[in-house]
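Student: For reference, the sequence and a predicted model appear below.
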Amino acid sequence: MINPIYIVAIGLGTAFSLGLLRKLGKEFSFWVTIFALGAMAFISGHWLSAFLSHQITSTVITTAGGKAPFVIVFNMGMTEALFSFMVTMGAVFSGFYLHDRLIESGPSAMAVLLAGTMGLNGIILTGDIFNLFVFMEISAIATAGLVLLVSDFKALQAGFKFMLASGIISGLLLLGIIFLYNSTGTLNISELHSKAGVILKSGGVATYLITIALLLELKPFPANGWGVDLYEGAPSGVSAFIASSSATAAFFVFLKVLPLGGDISLRIAAAAGISTFVFSNLMALSYKNTSRLLGYSSIGQLGLLVGIAGLSKHLGDKTLMIILTLLGTHYLAKAGLFWLSGIVKNPNTDEWRSLRKSPVLFAFFGVFIFALLGFPPFPSFFGKWELIMGLVATKMYWWAGAILLGTMFEGIYLFRWFSRALKLQNNDTATPAVTIYSILPVVFFGFFLFYAGYYTSTFVPALRVMCLAPLLFILLLGLLDFLPAFLKNIISLAGVTAYIVYLWPHIQGNTFKIVFAGIFLGGAILALIAGFYRRGKHMGFYPMTMLMFLGLGILVDASNLLELFYGWELMTIGSYFLLIRGERSLPHGLSYLLFSLGGSLAMLFGFALAHASSGSVDLSALNHIRIMPALAYSLMLAGFMTKTASLGLHIWLPGAHGEAVADIHFMASAILLKAGVFGIILVLGGMGNTQPYAQKILFVLGWIGALTALIGNIGAAFQESAKYLLAWSSIGQLGYIVFGLASMTHLGWLAAYGYTITHFLYKGILFLLIGGVAFRVGTADMYKMGGLIKRMPFSFFAVLIAIITLAGIPPLVGFTGKWLVYNMILSKHLFYQGVVIIISGVIAFLYLFRLIHVIFLGQLKDRNRKVKEVYVWLLIPAYLMLTAIFALSMFPDMMLARLGRMLTPSFPEGALVWDGFTASSRYGTFNLQIIMAVIGATFAAVFLWLVFANRKAQKVKQFNIFYSGEAPSRPELTHYGYNFFAHYRKAVGFMATPLVTRFWDQLSQGLHGLSSYGRAIYTGNAQSYLYHIVAFVVVVYLLSAGGIS
Amino acid sequence: MNFDPMKIPWSLLGLVIVFTIGMFIRGIVPKITARAGMRIGIRFYQPWIDLIKHFSIQTSITHGVMFYLGPVFRLTGGVSMILFMPLIYGSWYFSNFAFAGDMVLFLYMMFFGTLGMALGAGESGHPYSAIGVSRGLAQVTVAEIPLVLALLSVAAQHNTLSITEIVAAQQGGISHWTMVTNPVATMAGMLALLGSMMNSPFNVVLAPQEIPVGPPTEYHGTFLGIMNTNRSIFPVAKVVFFMNIFFGGATNWGILILKSFIIYMWPVFVGLVFPRFRVDQSIRWFLKVPMLLGILAVALI
């Protein structure tokens, strides 16, 4: 093994020799620097590799034959090797990225980088606490030097504040070391650990000073103004170095020294860390400066790590894994983001739209953002999972809640930033200038995040390999994104088919899973068939589509809560990128993402309570949760209801779906929403209805379902856009399903399943065809259409059947849903909720008639006289679904009897009795075949009679109508379509008042207002910042009851 | 119960009888209302003359397929409602195909013809048609509230959704009628009935002086003949339904005619007394007393 002292030797030696190499040119010096940093990284990497392959054990390396602090003593263990490697690799890539600046500044700057890296390595490796102080000083000076690389006033200020803060911190640290030496007679960190008991008795102030100094290095709230300004003022490459390398080293040493202070020290760390995480992210909400945002985010992430270190006693042997995954993600993602900020140059978040002109970099921007927020497949996903599971299992509920709250704050500003960059117009922006030096580090770190995610997942036994395999397929699709859309469509179809072949043996015999697999993956096939209408390349569409569908597939296949959550999060990412593709989707896509994030976090807490209750992450953990069951089930339900867009959590849906194009609208509404239903079924199945808390939850849930149906349907009636109308309609329809499930009866669940299937079919038809019509006509505003039956007869017919089914009019299968609801209402005596549901169904007539009338009937507009029928690729899946509707209408037992058999073990009472095609409940009967025969025969008879009696009827021209002797000259004059239900609005329009939207708006404003108060703390005044540091030290000392003693 | 082909001719006979009753009522009611207004009124057989006239018109025009099918949907809806309705309690011959469904089927069958006709009228391209439909739909959504509440109350009272069983439960004298055993539900139901019988104050859907005749504006000749045929069936189907649910049903045709005529006259009398509401006014009206009565009906179960 190479002696790690060479890390210091190479760093220092090269730094000094750069002066001698000056004549060989700056470029040469630069490559020497990179080579030296690479050699340093190689040494630590070599050690790390040996440790990982279990070839060696931890070693103490002494130098010069003396004793520390007069000579350097290094401890080299696996964690030291890992952290050293991370720090040095960060330096290598930061150095590479800083090529232009280093060349401009010359060898002295390169020497500073080398010295700084050497100092950070020293911090990690040293076994002597005084040497630690020395190395910290070296790295602090080097950091200041790097910050001052540019002759920028802001950088100068930042460097100055950093130096002042570092001075105080160093003073505190030195004082602590002196007291400690006085108390223990040693400076060796290992020996200090062995004397922890002595230290706690006689060296409380000493360890307090050391701990607080090292904590201050990590920039705790609110004594971190200098830190935020440092990130904001430093050149982006340097910020990346600080966020990745410096922060990693500082955190490591904090981790190393923390145990010296005993429990109180841990408590300080936990409190300071978690509050830093929450408040930093809260403060960031009101900023648009990316460097500052990243600064807050970095400080927040470090705070989280500090907090986790403080909570290590509760997290047990998972602590290291949690820390490494979160730190690793932060290290890679934050460096990547700082590097990207240097490429974009403009610090305003909105200006990152220019990055879209470099799609690869923009893709990595997304990777870094999603990784930071703990989405799969990145390491932080697993860390976040274990963290919350661990905290909740040890009853640290408030800590877990605070962490989730902080994550939500972070999600708000990071997703806002990303979404705006993704959607804002960028025609007026220049293409970012990239060089190999700026792009390579970003790409390398971006790819490494994926690898790190994979590597982490191999340590997670609860996650099967098949959950990862779809990601490879998506990666392949991403690499083939240059291909024409139809080829990618074929590949995607093959992928979905292959997944179905894989999945089938796992779900065979499980009706519940078959139903949802059919909707998710059968829907995927239909959506992809529809996708053949697309021309061109349609970049980025297919990987995200497949991410959503395969995420849904994993959801069905999930054998435990982790896999369920994994699939859920993948599906969320994919669906977000699909929903935000619409032209005006920016606010709606963002809203979707934030609700999804909030829902995921709520769900995670719920899962953690389930895990804590049962000690397992199996799906059976959802059964009869013992620890805070009401909270657990409520949180999980709320999480899943963000997808079903239930009342209160629905405001994202109308815009997100309303702005989506035809096939995406189909995917999002007919398919994606069912993921929420899937989750609710799992949760309710686990909760049961016997416990008092369950009955309360079900009561509330039932009302949420009923009112969602009412508000959704009323909202739909007042829309002018067909797409928005359908979106609101989906809200209403999902309300029926939630209501049915909340009843916890056989018939209620049967109705819910029935609605789930039929909603998929009829809404599938409507979304595809209405979207197709809107595409042809060029608008989704219904009043601009009219008379399109003459141009689009096939679409009209399919839409007609779909709306008859939706309305529940016999003899089509939609009627069975209405019938079941009536029976369920009677069986449970849910009259008031039931009436709301039934009336909602009647209100559906309003928007359904409006939809078909204003689009297809009435007067054909001049500009639409030549529009063609919608694409045949949209008609094919629509007619396939139409066939399914007819089949289910003819043979409803095919669906209902099978579902009934599935439900009987759970709900043995109240099952339907089938006698041939006659279904009977305790209250009533229906036989859809006889109903269909009677109606069909009557219809045929009347029709034939009319054909006979009216055989001479002539078709007349459009304006040949009874119009008081006048002939209308323009179709617009006689097409009654705009504000169709004006009278209805006049009477009950108050019910469409967007109260929920106002609530969320005000909450958002409140949060931003609170965030703005941060400016009172972060004034930019160096004196204030120093005061904060001193006050922090004193207040924490007083709060911790006199220090560590 | 299995399907028996012999049901077909008997059901058709029942349909013809209902149609005849409907035609008679449609002749007699305008006469009564005219006399109430100090006018002479039409001849009681005028609907037959009108019907013959409509079916005799040889030349007619159509605005398209859906326009053509609208009346077909309309009449199919009305006829089906009768065919799924038990007309005479205890009679196998006139129980029709009631075994195929229950009260829920009847409620949703009501919309079959309405929707089809509305779509057909929509294709005519006439704004009055669309305005009429828009008004009608808006009104029916609220008129349904007291009706549904009342029906749920009755269904819960008798523990069944089957119309036949509800009628059976009311046998044994007037004291067993729902009208007596559940008067609040009956009141709610009867107020709801006002909203669907196209009489004042809830006839703004057709509003003859304003939007000629609303939805059927463009229909004429055979089309109108079919729709007029339905006008003699559909309202009778509704009043027979109310008779079955609230007023003990009928054990013979005489009782059926008497009860259905009286029920039919209820909205007629109200219409004679009260002027027409605007749609928003009728919506608000249904959301007050009728809805409260409906809620009370359910609460009292």
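Tutor: That came through, no problem. Numbers count the residues shown, from 1 in each chain, chains lettered A, B, ... in the order given.
Student: ok, residue 45 - contacts?
Tutor: With no chain named, the answer covers chain A. By CB atoms under 8 Å, 6 or more residues apart in numbering or on different chains, the contact set of A:Gly45 is A:Ala81, A:Phe85, A:Met89. In short, each C-beta sits where N, CA and C put it, glycine included.
Student: hm, I was asking about chain B
Tutor: B:Gly27.
Student: do A:Ser840 as well
Tutor: Per CB under 8 Å, 6+ apart, neighbours of A:Ser840: A:Ala706, A:Ala709, A:Leu710, A:Gly712, A:Asn713, A:Gly732, A:Gly735, A:Tyr736.
Student: tell me how far the helix or strand hosting B:Thr164 is from the chain's mean position?
Tutor: Following DSSP states H and E, one finds B:Thr164 within helix B:163-169. Relative to its parent chain, helix B:163-169 has a centroid offset of 20 Å by CA atoms, centre = their mean, to the nearest Å.
Student: So which other helices or strands are in contact with that helix?
Tutor: helix B:103-123, helix B:127-158, helix B:234-246 (3 or more CB pairs under 8 Å, 6 or more residues apart in numbering or on different chains; DSSP states H and E).
Student: Is it possible to get the ones you listed out as a markdown table so that each row also shows distance to chain A?
Tutor: A markdown table is the format used below for the helices and strands packed on helix B:163-169 (distance: least, CB to the nearest CB, whole Å):
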| stretch | distance to chain A |
| --- | --- |
| helix B:103-123 | 3 |
| helix B:127-158 | 4 |
| helix B:234-246 | 13 |
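Student: Alpha carbons only: can I get the helix holding B:Thr164 in CSV?
Tutor: Coordinates of each C-alpha in helix B:163-169 appear next as CSV, following Å, rounded to 0.1, in the frame of the first residue of the first chain:
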residue,chain,number,x,y,z
ILE,B,163,-90.7,-1.4,-7.6
THR,B,164,-92.8,-4.5,-7.4
GLU,B,165,-91.8,-5.1,-3.8
ILE,B,166,-92.5,-1.5,-2.8
VAL,B,167,-95.9,-1.8,-4.3
ALA,B,168,-96.4,-5.1,-2.5
ALA,B,169,-95.5,-3.5,0.7
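Student: buried sites along it?
Tutor: By neighbour count with 16 or more other CB atoms under 10 Å in any protein chain shown, helix B:163-169 contains the buried residues B:Ile163, B:Thr164, B:Glu165, B:Ile166, B:Val167, B:Ala168, B:Ala169.
Student: which ones are touching the residue most central in space within chain B?
Tutor: The centroid of chain B falls nearest to B:Pro235 when counting by CA atoms, centre = their mean (2.9 Å). Shown in contact with B:Pro235 (CB under 8 Å, 6+ apart): B:Gly22, B:Ile25, B:Met197, B:Tyr264.
Student: Going along the chain, name the strands of the chain.
Tutor: Let's take chain A. A:59-62, A:73-76, A:913-915, A:918-920, A:925-927, A:954-955 (DSSP state E).
Student: wrong one, chain B
Tutor: Using DSSP E, the strands assigned to chain B run over residues B:61-62.
Student: lowest-pLDDT helix or strand in it?
Tutor: Least confident helix or strand, chain B: strand B:61-62 with a mean of 84, by mean pLDDT, DSSP states H and E.
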